[in-house]
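*Asks:* Provided below are the primary sequence and the corresponding predicted coordinates.
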Amino acid sequence: MIDFHALAEKFETPLYVYDFDYMASQFEALKEAFRGRKSLLAYAVKANSNLSVVRHFAKMGSGADCVSIGEVRRALMCGVPKYRIIFSGVGKRDEEIVEAIDADILYINVESEAELMRVETIAASKNKVARISVRVNPNIDPQTHPYISTGLHANKFGVDLESAKRMYIRAKNAPSLEPVGIHFHIGSQLTQLSPIRESAEIVADLVRSLAALKIELKFFDIGGGLGVRYKEEQTIAPYEYAQAILSTLTGLDMTVVCEPGRFLTANAGYFLTKVLYEKRNGDKRFVVVDGAMNDLIRPSLYNAYHHVNALGKTGEASAADIVGPVCESGDFLAKSYPLPMMAHNDLLVLESAGAYGFGMGSNYNTRGRSAEVALERGEARLIRRRESYEEIIANEKEFLEL
């Protein structure tokens, strides 16, 4: 059992707490599911980019799926070998492409013909060869929230099949490009197996058609997105997930690249916040807490659900909106959530907060970002200190005209 009261007293609130042992068990479960095939697990850094989290996975042999050059730098700093680092993302700046080529990472995922031409031009100017993969958009409905859907033509990600084929032919004939992989990622929080299998079948067929053109690819990158349980979701077992992918690769000798993020970290994380007071507007009940949308924006952005544990409180529960101090009506952590009567300094724990929590935070309303704590083998340690006011204004005050 985690002693949240002790953690809140020692590190104060709002506070993120991560169970590193749980993260390790999730990583090993997914690794085991793909054990019978050449495979690489590349942690999706955007899910939780704390250096200690990235380092935790690096020590277990993980690669890194990065969507900015900053994330590439984090991965390298944390000991992820360059040959296990993938650089994805729709809008890469020239200087990011330059740095990725110079770093000699595994490959750059390109998401448009225009981007491929930029990578080709930059690599040629440096007399280097850039390893690339093309992100294919299979136009499959992932059956998830529209904000985290990425596999339909209505989404900005990837290219259609015909465009992908043209890009591979161009890359094969370009002295400065080496096509080594193919990539697809249809969305996040996937809980249905059929869209994953259907997407893999489409992309595997493209690989076969490319092989007929003497374009031999080494990496079959299936992205990530494996869903987790926040409330009552029926999730996909890692073994079933792996088998659905592998069943589409008959006759193909490729390394499967899987890029898990949420699956590894979401249910390892907790967000702790203290009650400031209760208030009512007519019949409407509010529980006002010290955490806010700048700390955890998922409820405001996605209407996401997080189970809330009112520590040590008993009694009859009634519906309450859990709201923070930020000056927005959209600042809430839960709506109409059943809670017993709360008092000043009572502690609420929002569960499943280890993915897309802290990383999506901000300094809105000049609020410092929360501290982060790791739990490993029964010990708690600080892995990011609470942000101070001086740190918030550090990049502004030198320009202040007095």
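*Replies:* Received, thanks.

*Asks:* quick one: the strands in the stretch 201-350 of the chain, in order.
*Replies:* Assigned strands in the stretch 201-350 of the chain, in chain order: 219-221, 255-258, 269-281, 284-289, 308-310, 318-323, 332-339, 347-351 (criterion: DSSP state E, counting those that start in this stretch).

*Asks:* any idea which of those strands is most buried?
*Replies:* Mean neighbour count, computed with mean count of other C-beta atoms under 10 Å, is highest for strand 219-221 among the strands of the stretch 201-350 of the chain, reaching a mean of 25. From N, CA and C alone the C-beta is placed, and that goes for glycine too.

*Asks:* pull up the pairing partners for it, direction included.
*Replies:* Strands adjacent to strand 219-221 in the sheet, as given by DSSP bridges, are strand 177-183 (parallel), strand 255-258 (parallel).

*Asks:* where in the protein is pLDDT low?
*Replies:* Within the chain, the stretches with pLDDT under 70 are 141-157, 402.

*Asks:* what about the longest helix in it?
*Replies:* When the chain is scanned for its longest helix (criterion: DSSP state H), the result is helix 193-211.

*Asks:* what's the angle between that one and strand 177-183?
*Replies:* Direction vectors for helix 193-211 and strand 177-183, defined by axes from the mean of the first three to the mean of the last three C-alpha atoms, to 10 degrees, enclose an angle of 160 degrees.

*Asks:* got the buried residues for helix 193-211?
*Replies:* Buried residues in helix 193-211, counting neighbours by 16 or more other C-beta atoms under 10 Å, are found at 195-204, 206-207, 210.

*Asks:* what's the distance between it and the middle of its chain?
*Replies:* Averaging C-alpha positions (C-alpha atoms, centre = their mean, to the nearest Å) puts helix 193-211 23 Å from its chain's average.

*Asks:* just checking, what packs against that helix?
*Replies:* For helix 193-211, the elements it packs on are helix 161-173, strand 177-183, strand 219-221, helix 238-246, judged by 3 or more C-beta pairs under 8 Å, 6 or more residues apart in numbering; DSSP states H and E.

*Asks:* quick one, that helix and helix 238-246 angle?
*Replies:* Compare the direction of helix 193-211 with that of helix 238-246 by the same axes, to 10 degrees and you get 30 degrees.

*Asks:* chain neighbours aside, what residue packs nearest to Lys38?
*Replies:* For Lys38, ignoring the flanking residues on the chain, the nearest one in space by C-beta to C-beta, 6 or more residues apart in numbering is Thr255 at 4.3 Å.

*Asks:* start to end distance for stretch 6-22?
*Replies:* Using C-alpha to C-alpha, to the nearest Å, one end of stretch 6-22 lies 20 Å from the other.

*Asks:* circling back: now, among the buried residues of helix 193-211, which is nearest to Phe27?
*Replies:* Using C-beta to C-beta, Ile196 comes nearest to Phe27 of the buried residues of helix 193-211, at 19.5 Å.

*Asks:* how much space between the most centrally placed residue in the chain and Val80?
*Replies:* Using C-alpha atoms, centre = their mean, the residue of the chain that lies closest to the mean C-alpha position is Ala47, 2.4 Å off. In this structure, Ala47 lies at 15 Å from Val80, with C-beta to C-beta, to the nearest Å as the measure.

*Asks:* ok, Thr235 next?
*Replies:* As for Thr235, its distance to Val80 is 27 Å (criterion: C-beta to C-beta).

*Asks:* so the two - more neighbours on which side?
*Replies:* When Thr235 and Val80 are compared for neighbours, Val80 comes out ahead with 26 against 16, by other C-beta atoms under 10 Å.

*Asks:* show me the residues around the more buried one that make contact.
*Replies:* 54, 58, 62-64 (C-beta atoms under 8 Å, 6 or more residues apart in numbering).

*Asks:* closest to Glu259 out of the helices and strands packed on helix 193-211?
*Replies:* Taking C-beta to C-beta as the criterion, strand 219-221 is the member of the helices and strands packed on helix 193-211 that comes nearest to Glu259, at 7.2 Å.

*Asks:* so how far is the closest one from its chain's centroid?
*Replies:* For strand 219-221 - counting by C-alpha atoms, centre = their mean - the centre lies 19 Å from the chain centre.

*Asks:* I'd like the buried residues of helix 193-211 laid out as JSON lines, including distance to Leu276.
*Replies:* Below are the buried residues of helix 193-211 laid out as JSON lines (distance: C-beta to C-beta, whole Å):
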{"residue": "Pro195", "distance to Leu276": "43"}
{"residue": "Ile196", "distance to Leu276": "44"}
{"residue": "Arg197", "distance to Leu276": "48"}
{"residue": "Glu198", "distance to Leu276": "49"}
{"residue": "Ser199", "distance to Leu276": "46"}
{"residue": "Ala200", "distance to Leu276": "49"}
{"residue": "Glu201", "distance to Leu276": "53"}
{"residue": "Ile202", "distance to Leu276": "52"}
{"residue": "Val203", "distance to Leu276": "51"}
{"residue": "Ala204", "distance to Leu276": "54"}
{"residue": "Leu206", "distance to Leu276": "55"}
{"residue": "Val207", "distance to Leu276": "56"}
{"residue": "Leu210", "distance to Leu276": "59"}
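
*Asks:* thanks a lot, catch you later.
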